[in-house]
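In: sequence and predicted structure are below.
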Amino acid sequence: MSFQYSQYFENICNHFPEASYEDIRKNSNELFCCAVLNQDTGNCAAHYHEYLEILYVISSSVTVKVNKHEYEVNSGDMLILIPGDVHSMKTKKGSRYICLQSDTDFLFSSTLTNSDLHYIMPFTLANNTEARLFKASVIDSTSIPKKLYDIFTEYSERKNFYKLAIRGNMSEIALYVFRHWDSLADKKVDTSNSGEICPQRLEKVIDHINIHYDQDLTAEEMAVLAGMSYSYFSRFFKSSLGVSFSEYLNAIRIKNAEKLLIRSELSIAEVAAAVGFSNASYFIAQFKKQLHITPKKYKNNFGGVVGQENS
């Protein structure tokens, strides 16, 4: 299960009360889902989930509302939805599209760095709403359309090593997408004298948190690391990622706690301490707040799932 990038459930409910949470893993018990959907005119209500989603339109077009921005996705276009995006869809007659949904850890943990997963995605999309839409005129000349069809074929036929094939194709798509987003982030000009802060400063802080999450980190220390005042750092961090420093730190800790709960024999209290929580009760409360399940129940339900998927 993957990190909720910048849109914790309570924040989503506050901003999008009409949206419902979709528990993909509970519905399918898989870390990766793929389907070709044929839909005539119809609507898909606003919802959100913890999986990365890729929509690739084969014919006709669909209108997708992501958070508060609407996208017209035509034949040959690809739309990227990151975990926590509130999205709804209106389809037109003859609409046909590929829908890929994946836990980010399942696909990308071995190919992308923490900074890629937890910094570039939310930061870039928060500052460029068009970055998630890849038009046919751009990707038709690339191998992306073929890779999407190959993924669907591998998932449907499920031959030996199909998961490896899916990961390989998704990694190539991710490389294309992330380099594009990285280039957009690089275009941000460092104008710190006028109040704007270079993205590299925030990236430095994110990398530090992702590595040292199990230590006693404070916002004051991170402000010093970023070369900002505490108050400015707090405002800038939240405006860039959509969550406060403490929310982000807790999310990283919970993300790593999930792995320990699944892959180790540590007790709940030991897992809490291992990921940086000094109080087990607070850890349990935060875990349930973010994932809507207690650590004990999570371990009972999903223990061994990741190991099986990676085998």
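Out: That came through fine. Residues are numbered from 1 along each chain as shown.
In: quick check: end-to-end length of stretch 56-76?
Out: With C-alpha to C-alpha, to the nearest Å as the measure, stretch 56-76 spans 7 Å from end to end.
In: list the buried ones in that stretch?
Out: Neighbour counts over stretch 56-76 (16 or more other C-beta atoms under 10 Å) mark 56-58, 60-62, 64, 66-67, 71, 73, 75-76 as buried. Backbone N, C-alpha and C define where each C-beta goes, glycine included.
In: nearest to Cys99, of those?
Out: Tyr56 (8.1 Å; C-beta to C-beta).
In: mind checking the SS state of the spatially closest residue to that closest one that is not a sequence neighbour?
Out: Using C-beta to C-beta, 6 or more residues apart in numbering and skipping residues adjacent in sequence, the residue nearest Tyr56 is Ile98, 4.4 Å away. When classified by DSSP: H, G, I helix; E, B strand; the rest coil, Ile98 comes out as strand.
In: Cys33: which element?
Out: Cys33 belongs to strand 32-39 when elements are defined using DSSP states H and E.
In: state the mean pLDDT of that strand.
Out: Average pLDDT, strand 32-39: 78.
In: same for it, what does it pack against?
Out: strand 95-102, helix 144-157 (3 or more C-beta pairs under 8 Å, 6 or more residues apart in numbering; DSSP states H and E).
In: out of those, which gets nearest to Ser240?
Out: Of all the helices and strands packed on strand 32-39, it is strand 95-102 that lies closest to Ser240, at 25.0 Å by C-beta to C-beta.
In: roughly how far is that closest one from the heart of the chain?
Out: 17 Å (C-alpha atoms, centre = their mean, to the nearest Å).
In: pull out the buried positions in that strand.
Out: Neighbour-count burial for strand 95-102 [16+ other C-beta under 10 Å]: Ser95, Tyr97, Ile98, Cys99, Leu100, Gln101, Ser102.
In: quick one: the helices in the stretch 1-150 of the chain?
Out: Secondary structure of the stretch 1-150 of the chain (DSSP state H, counting those that start in this stretch): helices located at 9-15, 24-28, 104-108, 114-115, 121-127, 136-139, 144-157.
In: ok, of the ones you listed, where does mean pLDDT dip lowest?
Out: Looking at the helices of the stretch 1-150 of the chain, the bottom one is helix 114-115 with a mean of 49.
In: distance from stretch 258-269 to the middle of the chain?
Out: Using C-alpha atoms, centre = their mean, the offset of stretch 258-269 from its chain centre is 22 Å.
In: now do the end-to-end distance for it.
Out: 13 Å.
In: go through it and flag the buried ones.
Out: Buried, per 16+ other C-beta under 10 Å, within stretch 258-269: Glu258, Leu260, Leu261, Ile262, Ile268.
In: from the residues you listed, which is closest to Ala274?
Out: Once C-beta to C-beta is applied, the member of those that ends up nearest Ala274 is Leu260, at 6.0 Å.
In: ok, that closest one - contacts?
Out: When contacts are counted by C-beta atoms under 8 Å, 6 or more residues apart in numbering, Leu260 touches Leu266, Val271, Ala274, Val275.
In: restricted to helices, list those.
Out: Val271, Ala274 (DSSP state H).
In: now, of the contacts of Leu260, which are buried?
Out: By 16+ other C-beta under 10 Å, the contacts of Leu260 give Val271, Val275 as buried.
In: and the contacts of Leu260 as TSV, adding distance to Ile254 and pLDDT?
Out: Supplementary listing: the contacts of Leu260 in TSV, determined by distance: C-beta to C-beta, whole Å; pLDDT from 0 to 100:
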residue	distance to Ile254	pLDDT
Leu266	15	93
Val271	10	96
Ala274	12	97
Val275	8	96
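In: if I look at the closest residue to Cys33 other than its chain neighbours, how far off is Phe32?
Out: Leaving out its chain neighbours, the residue that sits closest to Cys33 by C-beta to C-beta, 6+ apart is Gln101, at 4.4 Å. The gap separating Gln101 from Phe32 is 7 Å, by C-beta to C-beta, to the nearest Å.
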